[in-house]
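Asks: The sequence isn't on hand, but the structure is:
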């Protein structure tokens, strides 16, 4: 197919022929008007209907083939010349089918359990189409109007979900343009950045002859307020977006103080206190303590109430990164796990994770609506002072109406429906944890606190040896295991049938040795126990096909037959 | 309608009835599986087809009514309780139609000429649906794969469009994961921020005992390199995102040095040199000179080659903000206006402006692919070192495959088709400028350099008086004119038939007095001269209905009859 597109655009003879086809301005104009004014593209509508009507099936029909090598794909996408002439829609749709969709990763498949984004409710593609067609711009009222009012409502609902303030509070603030209960952004990274930006600016306001950090900058702010530096404290499982945040904000990555976690992946309070003391001794002001409500790697929830107490004592900002986990507040059964989140000054939540809307729906919530003032912006031609333009308090400028997606889920699934999805995911994770524990050759590394867990492949004989042998042998074994697990995950992805992600943890139970693990997020309601069981079987098979299998065998002979018998015994 | 949704979710009796409807986990599960697994929502599909098939007509059918008061709309969106139970899709669709779409701003209407986002090619809503259904995440290969390769191709095409490097260059860099030719982001604001972030970090690399600004932060960087501060220089017409940028990056808004513009809205080179000298005297390092290729307010293009020369002499970074204007590089007739852009170290372009794709398609281009290293990030579970994950060089994390939208426009419209759209817009702007000049009661304030111009309502008698009278009278007249023009724009928007935006300029020809103007962007190919002529007529009518009309009359009596006769004489 690519050859077709290429030849249309590269061949000089064809170019001339096409020149003859579209000879003058008027004909071009007619062609373009048609592009803008009415659709007549049955091939595209056909494709759209097949695909969006049932994405999972569409993707599954392509599932039983391995993922195409990236280097192969790159060849298809190697020309840097913008095609000179248009191709027919039918040609493009064929190209789309054969060269693009044919190789697309079926992230919504119930067998792809490695991401935080799972399947979406089927009304959303239609809404995606409507939103694309409307192309509203939420930066200002003039280009969004009713959707500005709707977005404020959605943000109010999220605020209520977290902070549960009374009616008077929302009456006063919901549609108030001067402050903000929350702001939408493209994702958790920008939400964390926005929260820390507001926090930094609020810490060093105008005072005396100092016009404030927003005006005069960080270096002068530090001098004026007499700090040697600022710091943000978070557990070692903090999301990498916080590293970007301190870099972007000018604090530097060293300003991100990583605190040890306990065996369950929660921040160690003693270690936090020690770090705080250390900062004080160095005259570094703790700018924010960040609690994680659902770590990306293990799904652990920090003790938020304890962190809130400490932040209060320290008189420092308390931020909760609940980008992924925050959605579990919708569950009556599990919202107690987040106790203390209502004391956070700011909270990050991504609706595109467990609130089942598409990519691009991050939010930062402000406990006190006035905090948003620390980052308020104005311009004559847009986001004017006194206006209710949402762009006054967002990091981004032009921005689409993604909030409608969340609005539709709130109405079409209801709080109970969404809560049920959360509950079902957590139940499933607990069941899968049990299943892993029953295996002879898998080890659960982190228990599911929400619907996320980690595990690895490790034959029982190796596990025993790891426990019994001395350090040098153990280290060798661990390295071999890491190489093997990394390879299993890569092969599994390449096979294209199922997917887990992987990360490297430092589990307390393994003396904080770097440990490569599979990471599974069970948010897709269509994922069944059978799919998971089959996936373990597949991983087992891949392990034995891996080039690293022999390395492990050489270090510790594995009796596969015995292992198989044990496995059967276990499942009886 | 809202009462229906509300009653479903507020009424306790109903709640109990619904509780009975969905009594147990299994039934919930079945309901939710259905939501995820297959669509059966004929109302939604009907709506989607009507609306996306011909958005302009859909919006026009709603055009002949005034825009609803915001405070009225806010009442509809005032509950902060997430609905407890789901409503039927049909109910929601009815609500969507009546309470949301019924009030939506028809930004794609050819009579709405105040935004930089115009109508879209009609294949894009279908693609929007497909992208929503696929929900790919471009942060890493594992969740995007083929679309990562495609995005790199699109970025390569954009790089070639600007920098036009040779085949070897693109062979080497196009699919190279360690550096980046460019990165996608949600819009121009993030593109400018990303460019300046990279620039700031590159300016203060690791050296001696200094680990680099990314690690140690801005304050230490300044000390290590011996600067009292950093500055970014841009004309007074620079986009407000640059003010956010210097704030976020920790430089402070005072670090954004605004340089005077000439009568055509271009940066004054003498003033720039003077500012540079002033900075040197204060030991402030000019970090970047920003050229604007299409200012947001007047569409002016700075003399890029001259700026490139100065940046070279100063050994400072040269950034071009071509967020809106850059698309005009696609035009053979007008690309010469951008001469010098190929010398920029970084360039910002928004595809969602004049490249006719939906909101959310910003890009920053790097002349030297290694510049992206200054902002490279890594994490164990994502964007690993050595991988080709796009997330290694983006400010955002999870991100959708918007690049496919641009890819489709490149193929379905072709470079020539897109170039023709640019040419047609500029031609139309020139025609409209002529039309305004012919009017007795309108004044062209800025000439169109691209397809953007500004003008205002000012009756001839007032214009004469403005030219002849002494300062205090002039100022009063100008204030009255400003109030009137601001009011016309507001009334025009509220009437809902046509739309211009407005801004406040300081035109050289009016001794830099603050001047409220209408701002028009003529990118929609369906906008006709008749639409524009009728719009002037409407503005004229609104002027005379405005409460500020009398204020102006009191200062300078306007003979409407005479003016009308003159207008007719002019159009003969």
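Replies: Looks like it arrived, so ask away. Computed from a predicted model, the values in this text were never measured in an experiment. Residues are numbered from 1 along each chain as shown, chains lettered A, B, ... in the order given.
Asks: can we go C-alpha only for contacts and neighbour counts from here?
Replies: Noted.
Asks: So which residues on the stretch 451-572 of chain A come close to chain B?
Replies: For the stretch 451-572 of chain A, the contact set with chain B under Cα under 8 Å from any Cα of the partner chain comprises A:493, A:501-504, A:525-526.
Asks: Identify, from these, the entry nearest to chain B.
Replies: Nearest to chain B, judged by Cα to the nearest Cα, of these is residue A:503 at 4.3 Å.
Asks: so how many other residues sit close to the closest one?
Replies: 20 (other Cα atoms under 10 Å in any protein chain shown).
Asks: Spatially, what comes nearest to residue A:230 if we skip its sequence neighbours?
Replies: Leaving aside its chain neighbours, residue A:230 sits nearest to residue A:285 (4.8 Å; criterion: Cα to Cα, 6 or more residues apart in numbering or on different chains).
Asks: Would you double-check that the one you found falls in a helix?
Replies: No - using DSSP: H, G, I helix; E, B strand; the rest coil, the secondary structure at residue A:285 is strand, not a helix.
Asks: on that earlier part again, closest to residue A:72 out of the residues of the stretch 451-572 of chain A next to chain B?
Replies: Comparing these against residue A:72 with Cα to Cα picks out residue A:493 as the nearest, at 16.3 Å.
Asks: in which helix or strand would I find the closest one?
Replies: In this assignment (DSSP states H and E), residue A:493 forms part of helix A:471-495.
Asks: And that helix, what's buried?
Replies: A:474, A:477-495 (16 or more other Cα atoms under 10 Å in any protein chain shown).
Asks: Please check the residues of the stretch 451-572 of chain A next to chain B and keep the buried ones.
Replies: A:493, A:501-504, A:525-526.
Asks: any low-confidence regions in chain A?
Replies: Scanning chain A for pLDDT under 70 picks out A:1-25, A:27-41, A:51-64, A:561-572.
Asks: sorry, back to before: could you check how far the residue nearest to residue A:230 is from residue A:239?
Replies: According to Cα to Cα, to the nearest Å, residue A:285 stands 22 Å off from residue A:239.
Asks: ok, now residue A:231?
Replies: Using Cα to Cα, residue A:231 is found at 16 Å from residue A:239.
Asks: Check the secondary structure at the closest residue to residue A:495 other than its chain neighbours for me.
Replies: Nearest non-adjacent residue to residue A:495, counting by Cα to Cα, 6+ apart: residue A:66, 4.3 Å away. The three-state label given to residue A:66 by three-state DSSP is coil.
Asks: do residue A:79 as well
Replies: Looking at residue A:79 with three-state DSSP, the answer is coil.
Asks: what sits against residue A:477?
Replies: The contact partners of residue A:477, by Cα atoms under 8 Å, 6 or more residues apart in numbering or on different chains, come to A:462, A:466, A:552, A:555.
Asks: and of these, the nearest to residue B:366?
Replies: Proximity of these to residue B:366 (Cα to Cα) peaks at residue A:552, which lies at 45.1 Å.
Asks: What strand or helix carries the closest one?
Replies: With DSSP H and E as criterion, residue A:552 is part of helix A:547-555.
Asks: Could you do residue A:139 as well?
Replies: Per DSSP H and E: residue A:139 is located in neither a helix nor a strand.
Asks: which residues sit in contact with the residue of the stretch 251-400 of chain A found nearest chain B?
Replies: At 3.6 Å from chain B, residue A:252 is the closest residue in the stretch 251-400 of chain A, using Cα to the nearest Cα. Residue A:252 makes contact with A:246, B:213-218 under the criterion Cα under 8 Å, 6+ apart.
Asks: Kindly report the same for residue A:116.
Replies: A:324, A:353-354, A:521, A:523 are the contacts of residue A:116 under Cα under 8 Å, 6+ apart.
Asks: that's a helix at it, yeah?
Replies: No - counting by three-state DSSP, residue A:116 falls outside a helix, being coil.
Asks: Roughly how far does it sit from residue A:452?
Replies: Distance from residue A:116 to residue A:452, counting by Cα to Cα: 9 Å.
Asks: Quick check: neighbours shared by these two?
Replies: Shared contacts of residue A:116 and residue A:452, defined by Cα under 8 Å, 6+ apart, comprise residue A:521.
Asks: Which ones among the buried ones among the residues of the stretch 451-572 of chain A next to chain B map onto strands?
Replies: Under the assignment DSSP state E, those contribute A:501-504 to strands.
Asks: Residues contacting stretch A:498-505, please?
Replies: Residues contacting stretch A:498-505 (Cα under 8 Å, 6+ apart): A:111-115, A:297, A:486, A:489, A:492-493, A:512-520, A:535, B:380-382.
Asks: Dump the contacts of residue A:252 into TSV; add neighbour count and distance to residue A:86 as well.
Replies: Listed next are these as TSV, based on neighbours: other Cα atoms under 10 Å in any protein chain shown; distance: Cα to Cα, whole Å:
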residue	neighbour count	distance to residue A:86
A:246	26	45
B:213	28	46
B:214	29	44
B:215	23	48
B:216	21	50
B:217	28	49
B:218	29	48
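Asks: mind checking the SS state of residue A:175?
Replies: Under three-state DSSP, residue A:175 falls in the coil class.
Asks: How many neighbouring residues does it have?
Replies: 25.
Asks: wouldn't it be in contact with residue A:149 here?
Replies: Yes - Residue A:175 lies in contact with residue A:149 (Cα atoms under 8 Å); the separation is 7.2 Å.
Asks: quick one: common contacting residues for the two?
Replies: Residues touching both residue A:175 and residue A:149 by Cα under 8 Å, 6+ apart: residue B:74.
Asks: Is it possible to get JSON lines of the contacts of residue A:252 that adds distance to residue A:97 and secondary structure?
Replies: JSON lines is the format used below for the contacts of residue A:252 (distance: Cα to Cα, whole Å; DSSP: H, G, I helix; E, B strand; the rest coil):
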{"residue": "A:246", "distance to residue A:97": "42", "secondary structure": "helix"}
{"residue": "B:213", "distance to residue A:97": "46", "secondary structure": "helix"}
{"residue": "B:214", "distance to residue A:97": "43", "secondary structure": "helix"}
{"residue": "B:215", "distance to residue A:97": "45", "secondary structure": "helix"}
{"residue": "B:216", "distance to residue A:97": "48", "secondary structure": "helix"}
{"residue": "B:217", "distance to residue A:97": "48", "secondary structure": "coil"}
{"residue": "B:218", "distance to residue A:97": "49", "secondary structure": "helix"}
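Asks: For residue A:348, give me its contacts.
Replies: If you count contacts by Cα under 8 Å, 6+ apart, residue A:348 has them with A:188, A:191-192, A:195, A:320-323, A:326, A:362-365.
Asks: please redo it, this time with the cut-off set to 7 Å
Replies: A:188, A:191-192, A:320-323, A:363-365 (Cα atoms under 7 Å, 6 or more residues apart in numbering or on different chains).
Asks: ok, for residue A:499, nearest residue in space, not its chain neighbours?
Replies: Excluding the flanking residues, the one nearest residue A:499 by Cα to Cα, 6+ apart is residue A:112, at 4.4 Å.
Asks: again with residue A:441
Replies: residue A:459 is the one closest to residue A:441 (Cα to Cα, 6+ apart), at 3.9 Å.
Asks: contacting residues around that neighbour?
Replies: By Cα under 7 Å, 6+ apart, residue A:459 lies in contact with A:440-442.
Asks: Kindly reformat the residues you listed as JSON lines and extend each row with secondary structure and neighbour count.
Replies: Supplementary listing: these in JSON lines, determined by DSSP: H, G, I helix; E, B strand; the rest coil; neighbours: other Cα atoms under 10 Å in any protein chain shown:
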{"residue": "A:440", "secondary structure": "coil", "neighbour count": "23"}
{"residue": "A:441", "secondary structure": "coil", "neighbour count": "22"}
{"residue": "A:442", "secondary structure": "strand", "neighbour count": "20"}
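Asks: Perfect, that will be all.
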